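Visitor: need coordinates for the following:
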Amino acid sequence: MPQSRQQTSAPRRVGVREFRGNLMSFLKQVEDGQRFVLTSHHKVVAEIGPPSKDIVARNPGALRRKIKIAEDFDSLPADVLASMEDEV
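Guide: This is a model prediction of the structure:
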């Protein structure tokens with residue numbers, strides 16, 4: 001990602017067809033800080049822009065071996081099991 005992002009005051013309006021036809025060019029502009037409002041038949045359908053700063057990158061496996069499952073996790077108490085079997 002570029003070091004500096006330019007901030008624009010108002011997002012640029014772009015038709016969905018134009019956006020789809022020039023996707024890589026528009027994504028490069030988004031990477032540079034530009035925001036777009038996508039329209040279809042003059043109706044706003046989406047807004048695209050750089051991610052907000054409060055989005056945290058996922059770290060798969062970060063809790064591995066830190067979460068323990070109880071030994072009786074898969075077993076039901078007898079009264080719950082009985083009430084389920086009686087409602088057939």
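Visitor: which residues touch the helix-or-strand element of the chain with minimal mean pLDDT?
Guide: Between all helices and strands in the chain, the lowest mean by mean pLDDT, DSSP states H and E belongs to helix 78-86, at a mean of 85. The contact list for helix 78-86 (CB atoms under 8 Å, 6 or more residues apart in numbering) reads Leu76. C-beta: built from backbone N, CA, C; applies to glycine.
Visitor: what's the spacing between it and its chain's center?
Guide: Centre-to-centre, helix 78-86 and its host chain are 40 Å apart (CA atoms, centre = their mean, to the nearest Å).
Visitor: before we move on, what about stretch 67-75?
Guide: 31 Å.
Visitor: state the mean pLDDT of that stretch.
Guide: Stretch 67-75 shows a mean pLDDT of 88.
Visitor: I'd assumed Val45 was in a strand, is it?
Guide: Yes - counting by DSSP: H, G, I helix; E, B strand; the rest coil, Val45 is part of a strand.
Visitor: quick check: closest non-adjacent residue to it.
Guide: Leaving out its chain neighbours, the residue that sits closest to Val45 by CB to CB, 6 or more residues apart in numbering is Leu38, at 5.5 Å.
Visitor: wait, the one you found touches Arg17, no?
Guide: No - counting by CB atoms under 8 Å, Leu38 does not reach Arg17; the two are 9.9 Å apart.
Visitor: what ranges do the strands span in the chain?
Guide: 12-15, 36-40, 43-48 (DSSP state E).
Visitor: and the angle from the last one to strand 36-40?
Guide: Here the directions of strand 43-48 and strand 36-40 differ by 150 degrees (axes from the mean of the first three to the mean of the last three CA atoms, to 10 degrees).
Visitor: adjacent strands (with direction) for strand 43-48?
Guide: Sheet pairing here is set by DSSP bridges, and for strand 43-48 it gives strand 36-40 (antiparallel).
Visitor: list the buried ones in the strand it pairs with?
Guide: 36, 38-39 (16 or more other CB atoms under 10 Å).
Visitor: got the end-to-end distance for stretch 37-57?
Guide: 25 Å (CA to CA, to the nearest Å).
Visitor: and the contacts of that stretch?
Guide: So stretch 37-57 is in contact with 5, 11-16, 19, 26, 30-31, 33-36, going by CB under 8 Å, 6+ apart.
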